[in-house]
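model this:
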Amino acid sequence: MYVKKSNAPTFVTLPDGRKLTRSDLPSVQTKRWVVSRKARIVLAVSTGLITKDEACKMYNLSIEEFDGWRSALKSHGINALKVTKLRKYRQP
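Numbering: from 1, shown residues only. Predicted structure coming up:
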């Protein structure tokens, strides 16, 4: 089971003024990765709420899988996180 680090922030303030908290993250037991959950994890890492290593441990993700989500989101937007769009956005 994953144990939260005590020195980690409990929330971050997003550029639009909203707050993202650890309770906003998907359950650590998540098995079905829909677009919104993937995007939330990438956002949490990019804003410093959690580290990439924490995210990978918490959600049993490989570094490559997480980096793929981040790259797809950055390069092509949220639709690139859809499983049905993998072929369209995959690098040759």
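
check which residues of stretch 49-56 are buried.
Leu49, Ile50, Lys52, Glu54, Ala55, Cys56 (16 or more other C-beta atoms under 10 Å). To be clear about C-beta, it is placed using only N, CA and C from the backbone, and glycine gets the same treatment.

show me which of those is closest to Glu64.
Cys56 (9.7 Å; C-beta to C-beta).

now for the closest one, which secondary structure element holds it?
Secondary structure from DSSP states H and E places Cys56 in helix 52-59.

give me the contacts around that helix.
2, 5, 8, 25-26, 28, 30, 41, 44-45, 50, 61-63, 66 (C-beta atoms under 8 Å, 6 or more residues apart in numbering).

farthest-separated two in those residues?
It's Ala8 and Ser62 that sit farthest apart of the contacts of helix 52-59, by C-beta to C-beta, at 21.7 Å.

how far off centre is the helix holding Cys56?
With C-alpha atoms, centre = their mean, to the nearest Å as the basis, helix 52-59 stands 9 Å off its chain's centre.

and the residue nearest to Leu14 when sequence neighbours are not counted, how many neighbours does it have?
Among residues not flanking Leu14 along the chain, Leu20 sits closest, at 5.8 Å (C-beta to C-beta, 6 or more residues apart in numbering). By other C-beta atoms under 10 Å, the residues close to Leu20 number 18.

quick one, longest helix in this protein?
helix 63-76 (DSSP state H).

do a quick rundown of the strands in the protein.
11-13, 19-21 (DSSP state E).

need those in CSV with mean pLDDT and distance to Lys82, can you?
Listed next are those as CSV, based on pLDDT from 0 to 100; distance: least, C-beta to C-beta, whole Å:
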stretch, mean pLDDT, distance to Lys82
strand 11-13, 93, 26
strand 19-21, 95, 22
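
re earlier: ok, the residue nearest to Leu14 - contacts?
Residues in contact with Leu20 (C-beta under 8 Å, 6+ apart) are Phe11, Val12, Thr13, Leu14, Leu43, Ala44, Thr47, Leu49.
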